[in-house]
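*Asks:* model this:
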Amino acid sequence: MSKAPMQSIVSHGLLMLLSAVLVANAHAQSVTVGSGDDALARSIVEKADQIRFPAEPFQVDVDIVTTRQGERSEARKYRVLSKGNDNTIVTLTEPASERGQSMLMKGRDLWVFMPNVSQPVRLSLAQRLTGQVANGDLARANFAGDYTPKILRTETIAGEAHYVIELNAVDRGVTYQRVVYWVRQSNAWPYQAEFYSQSNRLLKTCKYERFQNLAGRTRPTRLVMDDALRQSEQSVVEYHDMTVRDLPDRMFSKEYLRRLE
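*Replies:* The predicted model follows:
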């Protein structure tokens, strides 16, 4: 046999081997990203939770402006006191005509206290608070505790690699039954979320924007929520004056809130 055919056979064999190796490597990488490594997915979501809010007890003021058909329709201000993942008080501060309303969250139980109403009223975390903002969006933002995460894929957005994570509710008591969540790989910054109903219908999307220093860490200070059903409606949530502060456990009780009325 001449050298030329032998070289051709060897070259062809090397190409086949190289192709097989490349395909195997590509398959392995795909499995690593798409297999839903539970520990990695949970770690990513936990880090993103810590970016959004402090682990320590904190206070933050929240402005929410809702527009419909491009025109401003609602504006409300709230003060949020939060300790851990299971204790939150949300107080309405504006408009003045509705001042005095407050919500208490203990675990996944939520009550609203209203002036001139003797007993608190039980609410759902999924119930709408104002515009595109649900009660649970302010009272409970614990993705790591409320959802089982699975990595779906990675995407490159504006030159940055992001994990795309599916969050499935641990039970029906959480705010949303399913969330698709984009988190930047390099620093665990949340980028975007899609929120779905129990029937897997897309309810709204949320963009995390304007990262600034709040309570000693760079966090998203502006959330833009767009209604997926009525595309002309949008709510913008802005956080400011966030401070870490001591919040005694006795504050997070029905008795304490009744005394404040």
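
*Asks:* CA only for contacts and neighbour counts going forward, please
*Replies:* OK.

*Asks:* Would you mark the buried spots in whichever strand or helix holds residue 203?
*Replies:* Assigning secondary structure by DSSP states H and E places residue 203 in strand 202-214. If you call a residue buried by 16 or more other CA atoms under 10 Å, then strand 202-214 has these buried ones: 202-209, 214.

*Asks:* mind listing what the closest residue in space to residue 205 that isn't next to it in sequence touches?
*Replies:* In space, not counting the residues next to it along the chain, residue 205 is nearest to residue 194; the distance is 4.5 Å by CA to CA, 6 or more residues apart in numbering. Neighbour list for residue 194: 179-181, 202-206 [criterion: CA atoms under 8 Å, 6 or more residues apart in numbering].

*Asks:* Repeat the analysis, applying 7 Å as the threshold.
*Replies:* For residue 194, the contact set (CA atoms under 7 Å, 6 or more residues apart in numbering) comprises 179-181, 204-206.

*Asks:* And the furthest pair within these?
*Replies:* Maximum pairwise distance in the contacts of residue 194, criterion CA to CA, is 12.4 Å, between 181 and 204.

*Asks:* Out of the buried residues of strand 202-214, which is nearest to residue 73?
*Replies:* Proximity of the buried residues of strand 202-214 to residue 73 was ranked by CA to CA; the top entry is residue 204 with 18.2 Å.

*Asks:* In this structure residue 218 contacts residue 209, no?
*Replies:* No: Residue 218 is beyond contact range of residue 209, at 11.3 Å (criterion: CA atoms under 7 Å).

*Asks:* Within the sheet, what are the partner strands of the strand holding residue 203, with directions?
*Replies:* Using DSSP bridges, strand 202-214 pairs in its sheet with strand 190-196 (antiparallel), strand 217-227 (antiparallel).

*Asks:* Just put those strands in JSON lines and tack on mean pLDDT and distance to residue 96.
*Replies:* What follows is the strands paired with strand 202-214, written out as JSON lines (pLDDT from 0 to 100; distance: least, CA to CA, whole Å):
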{"stretch": "strand 190-196", "mean pLDDT": "98", "distance to residue 96": "31"}
{"stretch": "strand 217-227", "mean pLDDT": "97", "distance to residue 96": "24"}
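
*Asks:* which one of the ones you listed lies closest to residue 241?
*Replies:* Between residue 241 and the strands paired with strand 202-214, the shortest gap by CA to CA is with strand 217-227, which sits at 10.3 Å.

*Asks:* Measure how far the helix or strand that the closest one is followed by is from the centre of its chain, please.
*Replies:* Towards the C-terminus, the helix or strand next in line after strand 217-227, according to DSSP H and E, is strand 233-244. The gap between the average C-alpha position of strand 233-244 and the chain average comes to 14 Å, counting by CA atoms, centre = their mean, to the nearest Å.

*Asks:* What are the buried residues along strand 233-244?
*Replies:* Within strand 233-244, the residues that count as buried by 16+ other CA under 10 Å are 233-240, 242-244.

*Asks:* okay if I get those as CSV plus distance to residue 88 and pLDDT?
*Replies:* Shown next, in CSV, are the buried residues of strand 233-244 (distance: CA to CA, whole Å; pLDDT from 0 to 100):
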residue, distance to residue 88, pLDDT
233, 27, 93
234, 25, 96
235, 22, 97
236, 21, 97
237, 18, 98
238, 18, 98
239, 16, 98
240, 17, 97
242, 14, 97
243, 15, 97
244, 14, 96
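
*Asks:* before we move on, back to that, list just the nearest of the buried residues of strand 202-214 to residue 254.
*Replies:* Proximity to residue 254 was ranked across the buried residues of strand 202-214 by CA to CA; first place goes to residue 214, at 29.5 Å.
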